[in-house]
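Novice: sequence unavailable; structure follows:
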Ligand code: IPE
Ligand code: IPE
Ligand code: MG
């Protein structure tokens, strides 16, 4: 049935969702928690193995310190609230991105979520938090410089946050922007991209299913020629 093995989502449009309702931007981030549940349910229903959600980029520090702080508090709440329920459904939680400059309590919540879900094996749910594709590639390059290993695709990949994560087959972006915004730069080399105008808080599992259907109509060539 040509199902994508890994779907990755750039969850965008929370601020505009709130502004359209005359609410502060943060209310849009809060409303995004429901859309995360929708995406996870969509992935479980479809039988997807890996789902990655882009939650905070290395460039999102350019926002006001109030917004950044509120987002970190929200991530902590979401991890603590959702993980026990996720585990019941066989969802294993992983977080990729830079951890050193995150608040201590958030770091702790990440460690606990990964720990309590480590035996789950139905769906790998990856949160990209303080994640940047360039940063990930830089980390891998520095690791190779220090270890002196040969430089090839395999050794580069070994330096990534989650080396066992397959490349995304499908990248979904909400809110209509047509850019990658430093998400999974290396891994997206041959990803199919699907963009919806829907703001992230309004995203549903039905829309997730539509994205999968659209993916199934695509012809992936990986640089080759169409299969007659
Ligand atoms: C996505 O929504 C959430 C994060 C990047 C943390 P935005 O906050 O970027 O919403 P817009 O793009 O301003 O509408
Ligand atoms: C991308 O959204 C990052 C996340 C969804 C976490 P942004 O809203 O930060 O992207 P730009 O700034 O519009 O490219
Ligand atoms: Mg945005």
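Specialist: Looks like it arrived, so ask away. Here the structure is a predicted model, which is why all the values come from computation and not from measurement. Residues are numbered from 1 along each chain as shown. Ligands and ions are numbered 1, 2, ... in the order given.
Novice: apart from its chain neighbours, what residue comes closest to the residue in the chain positioned nearest to ligand 1?
Specialist: Closest approach of the chain to ligand 1 (C-beta to the nearest ligand atom) occurs at residue 15, with a separation of 2.7 Å. C-beta coordinates here come from the backbone N, C-alpha and C atoms, glycine included. Spatial nearest neighbour of residue 15, excluding adjacent residues (C-beta to C-beta, 6 or more residues apart in numbering): residue 25 at 4.3 Å.
Novice: now do the contacts for the one you found.
Specialist: By C-beta atoms under 8 Å, 6 or more residues apart in numbering, the residues touching residue 25 are 14, 15, 18, 19, 67.
Novice: what about the residues you listed, which are in strands?
Specialist: Among the contacts of residue 25, no residue falls in strands (DSSP state E).
Novice: identify, from those, the entry nearest to residue 204.
Specialist: Residue 204 lies nearest to residue 14 out of the contacts of residue 25, by C-beta to C-beta, at 15.5 Å.
Novice: what sits against the closest one?
Specialist: 25, 28, 29, 31, 32, 199, 200, 201.
Novice: what about those, which are in helices?
Specialist: By the criterion of DSSP state H, membership of the contacts of residue 14 in helices covers 25, 28, 29, 31, 32.
Novice: roughly how far apart are residue 158 and residue 118?
Specialist: Distance of residue 158 to residue 118, given as C-beta to C-beta, to the nearest Å: 21 Å.
Novice: equivalent analysis for residue 45, please.
Specialist: Distance from residue 45 to residue 118, by C-beta to C-beta: 24 Å.
Novice: in terms of helices and strands, where is the spatially most central residue of the chain?
Specialist: For the chain, residue 53 is the residue whose C-alpha lies nearest the centre (C-alpha atoms, centre = their mean; 2.2 Å). According to DSSP states H and E, residue 53 maps onto strand 50-57.
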